[in-house]
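dropping a prediction and its sequence here:
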Amino acid sequence: MKLAINLDLGLMRRLRQFSRRWARKRHGIDADPLILSTRRIYIVPTGMGFAFALMLTAMFVGAMNYGNNLALGLTFLLGSLALVAMHYCHRNLSGIVIRSASSDPVFAGNEATFRIAVENTAQLARHELLVANDQGMSNPQPIPANGRAVFDIQLPAPQRGMLTLDHFEIVTRHPFGLFRAWSHVHMNLTCVVYPKPAPRGLTPPPVETDTGGAQDSVNGDEEFAGLRPFHPGDSPRRIAWKAYAREQGLQVKLYAGTAVTSHIFDWNALTGLGTEARLSQLCRWIEDAHAEGRAFALKLPGLEIPANVGLGHRQRCLTALALFES
Amino acid sequence: MSAAVLDQHLQQMTPIGQRLVWVIAGLVLAVAPHLGHIAPWTMLIAAIAAAFRMTAEIKRWPLPSRTICTTIAFASLLGVLAGYRTLNGVDAGTSLLIVMAGMKLLETRTVRDLTVVVFLCYFALFAAFLYNQNMLLLPYMLLTAGLLTMTLMRIHQTEAMPVREAAMTTAKMLLQALPLAVLLFLFFPRVPGQFWAVPARERALSGLNEEMTPGDVSELSLSSAVAFRVKFEGEAPPPRERYWRGPVMHQFDGRTWRYAGTSYTPQEVASSGSTYRYRISLEPQRRNWIFALDMVTNWDQQRAYRAEDFQLHARQSQISVLTSFDLESAPTYVTTSELRKELRRLDTYIPRNRNTRTIELARQMRESAGSDEAFIQSVLTKFGSEEFYYTLQPPALDANAVDDFLFNTRRGFCEHFASAFTVMARSVGIPARIVTGYQGGEFNPMGGYFTVRQSDAHAWTEVWLEGQGWQRIDPTAAIAPERIERGLDAAISSEESVPGRALRQNALYSKLRMAWDAANTFWNDQIVQFGESQQNWLLKLFNIKNPRWEYLGAGLIITFAGFFAILSAYLTWKFKPRARDPVAHVYEQLCRKLAKLGVPRLPYEGPNDYVTRAARARPELAAQLEEVQTVYVGLRYGPTPLPTQLSRLKFLVNQLEA
């Protein structure tokens, strides 16, 4: 659902930036988890709040002018209600527990999603909370009493490397949108950004025979050659369940006959390309090999990752690319 | 349509559409109190806009462009301007408000637009109070304000709260706001008088007219609407002294008497006998007439003046809202000022070519009477002894109305008799004039005050006698003394039908009517007219004799600070985290203390390791810490933790400080 959230005046934005810097100086880098105390929650009227105040002023002048007690009573009631709402807005944030949750790696050029978990330890529900920073904001959601909610905040990830979300705000306009209460959180949330895969075209280096530990899951009809201990990332189909049943631990079957093959993706082989282009190309090859289930090894200057398959291996390789020389 | 079907329809709508239904419902309720007094076309425009907007929502039509909306809004503005000739004023302002709310509905695309409509609804509600401060209106207004507030909250929610829960939340917030609102209402100083003049409203209000034509049907005498209420301090005057003075009519054209204003020349009055102090609360009227008990001798010069005709006028141009005055009157009085020449000419004038038989009769009676006083007595005797009838349904009269009445129809009510008497007095050169006003009033034992209704309207005569000044002569008293002593219902013969008389004579009805009126009066006096005097009384309770602005400032600060503190404490309590584990709490205390003693807990350390390490680091505490460890482990992992163990642990940790 897309509801337009009203934009505040430019002045408000500048004030908010000022308060952010001030909060950073005052509170430093926040602990994780962070329990929001009342002294770090700020609150100001929204544009609509000012409009409401203007309306109340007009009502007040009118009621006094006509000496109309009931009209004056209504004005006072609405004014008091706004003040009560201000307290509710402020209390809606105080005491909540903010934790960083995992963020999945993305490829450069996509949007990174940071997850922020918010816990409500109170016996009352919290309403309309959202997490925002200068570039993005999450959808508002309520948190039930003793409940928990996860807020996603999307940030563009234009470059490979470690994308950090060093600042975000937790915001609420509950109950009437007359006030905006928020707190600045300076928690270093990180997200790994893989290089953008190069377009397909450059053929991957030929498959090399490797009698080592890696297997090719595509070729399944070779001769049995022995067992080796299980490593995370091994295909479950290769697990020697019989050996497991004999309480010999998790073992993986090795096959001979047709050689077990793997690619070696070597940085040095990609001559004539810049650093980023090489990383992109390596990324492409890794992605393709992974998609087809082929084993691969990665060689970067100063880093060698032996051939393997599986998600863990892919992640390790891509992370190495993402953080290369940084 | 059943609720389920309605709900299904709502489910199918867009989020804005679902919210729109509630906003429109709020608008309808907020505008409804204005139905009577606002140009119908403005309501129609708003209604069409709302209907169109809803249809557009259901049929997924595109909304009209900004240009169209602006054009319609501008046209409506001109329409209001043309209709009311002003934009300054409650009527014009309210019309404009309603039109604008309708126009805003047409372009509601976002939550912000909906919020603006809700704000306009609040304002429409506010404006309704400017028209009507009726007791019955208040619950309606509070409920509507509650609905608007609930809607305001729900339109700001991504997933709107269920109505029940939202209603409870809103009600709670309104209740929490109430104490502050009441305190502000009670103590915020009221500034008397308007500081921004707006044109008076034209309203159809019943009340005394500026002219009187005996023979015309009097609607007033059938109206049971309240004209004013009077509360006496101490004794109330007897019925025959309860003449409430209104406009005095001098001009006569043979048929119709007219009030043509009066001059502001102070007149001297010598009163004797008892005086009465009272408070009169006037219902809204078209004029500024204060119907004081004849003759008013003491009044607030700042707020009212007594004109040459002895009628009391408020200094404002119109009594447009319920207004009270504290007055003092003396029923026994003598006017001592001289009669001005112009006034004498005016008050002895009658058209010579009209009512000639009456003029002739009066001259004959004056000759045989010998003196003015004797003449007046003989005319009254004639009315009382001959066949004249008091009735509310008199026959129509011809152009020579007085002749027709005296010699043919002989039926009429106060106006006829007062008119005939005045014409006869003027025929023989006695200055005479018609005084209109009210006579009598019904005592309400529940409220301890008199209610004077439009049906108590009355007309009598005043004659000028040399050396005695103006004298009240009431010819009606001569023909129907019951009218003066016991009111209209008693004066009309039982054969004649008087609307509502049977009902009024029903004991239960009359009791209910009095109770209702007493409740209304209390409402009017204490709430609607709440002001300086009540505030001073309240302040006296707090021993503040001379309220000053400094007190107000200090009071406001204390009020707000107190309100904030209480609300804050309440919300802190409501939002407190679930109850903590007491053992964990003591353990945390222990960790803090040990950290202060130079052995902070390392992140990976469990209680056992930590306390052992602490004991090694601070050998002097080893014995104590060892017991702490034993008790803690017992509490945490033992088969049946005992309360004594917990208190022991608390004691041990408390001891540690030394």
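That came in fine, so what should we check first? Numbering: from 1, shown residues only, chains lettered A, B, ... in the order given.

mean confidence score for the host helix or strand of A:Leu74?
Using DSSP states H and E, A:Leu74 sits within helix A:69-91. Model confidence over helix A:69-91, given as mean pLDDT, is 94.

just stretch B:180-200 next, same as before
Mean predicted confidence for stretch B:180-200 is 73.

hang on, the earlier thing: other SSEs contacting the helix holding A:Leu74?
Under the contact definition 3 or more C-beta pairs under 8 Å, 6 or more residues apart in numbering or on different chains; DSSP states H and E, helix A:69-91 sits against strand A:42-45, helix A:47-66, strand A:179-185, helix B:111-131, helix B:137-155, helix B:163-187, helix B:549-574. Bear in mind the C-beta positions are built from the backbone N, C-alpha and C, glycine included.

got the domain boundaries for chain A?
The record's domain parsing of chain A by automatic domain parsing lists A:10-194, A:208-322.

mind putting these in CSV, mean neighbour count included?
Shown next, in CSV, are those (neighbours: other C-beta atoms under 10 Å in any protein chain shown):
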stretch, mean neighbour count
domain A:10-194, 19
domain A:208-322, 16
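
mind listing what the residue positioned nearest the centre of chain A touches?
Chain A has A:Phe114 as the residue nearest its centroid, 1.6 Å off, counting by C-alpha atoms, centre = their mean. Taking C-beta atoms under 8 Å, 6 or more residues apart in numbering or on different chains as the definition of contact, the neighbours of A:Phe114 are A:Ser100, A:Ser103, A:Asp152, A:Ile153, A:Gln154, A:Leu155, A:Leu165, A:Phe168, A:Leu189, A:Cys191.

dihedrals phi and psi, it?
Listed backbone geometry of A:Phe114 is phi -100, psi 140, with angles given as degrees, to the nearest 10.

and if you look at B:Ser274?
Geometry field for B:Ser274 lists phi and psi as phi -80, psi 150, criterion degrees, to the nearest 10.

how far away is it from B:Pro238?
Here B:Ser274 is placed at a distance of 10 Å from B:Pro238 (C-beta to C-beta, to the nearest Å).

taking the stretch 101-250 of chain A, what residue is nearest to chain B?
Ranked by C-beta to the nearest C-beta, the top residue of the stretch 101-250 of chain A for proximity to chain B is A:Thr121, at 3.9 Å.

got the contact list for the residue nearest to that residue when sequence neighbours are not counted?
By the measure of C-beta to C-beta, 6 or more residues apart in numbering or on different chains, the closest residue to A:Thr121 outside its immediate chain neighbours is B:Pro577, 3.9 Å from it. Contacts of B:Pro577 were listed using C-beta under 8 Å, 6+ apart, and they are A:Gly95, A:Thr121, A:Ala122.

partners of the last one in the sheet?
Note on A:Ala122: beta-bridge partners B:Pro577, judged by DSSP bridges.

all helices for the stretch 1-150 of chain B, in order.
With helices called from DSSP state H, counting those that start in this stretch, the stretch 1-150 of chain B shows them at B:3-12, B:15-31, B:40-59, B:66-84, B:90-106, B:111-131, B:137-155.

need those helices in JSON lines with distance to chain A and mean neighbour count, can you?
Output for the helices of the stretch 1-150 of chain B, formatted as JSON lines (distance: least, C-beta to the nearest C-beta, whole Å; neighbours: other C-beta atoms under 10 Å in any protein chain shown):
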{"stretch": "helix B:3-12", "distance to chain A": "14", "mean neighbour count": "10"}
{"stretch": "helix B:15-31", "distance to chain A": "5", "mean neighbour count": "21"}
{"stretch": "helix B:40-59", "distance to chain A": "15", "mean neighbour count": "16"}
{"stretch": "helix B:66-84", "distance to chain A": "16", "mean neighbour count": "15"}
{"stretch": "helix B:90-106", "distance to chain A": "8", "mean neighbour count": "23"}
{"stretch": "helix B:111-131", "distance to chain A": "4", "mean neighbour count": "23"}
{"stretch": "helix B:137-155", "distance to chain A": "5", "mean neighbour count": "20"}
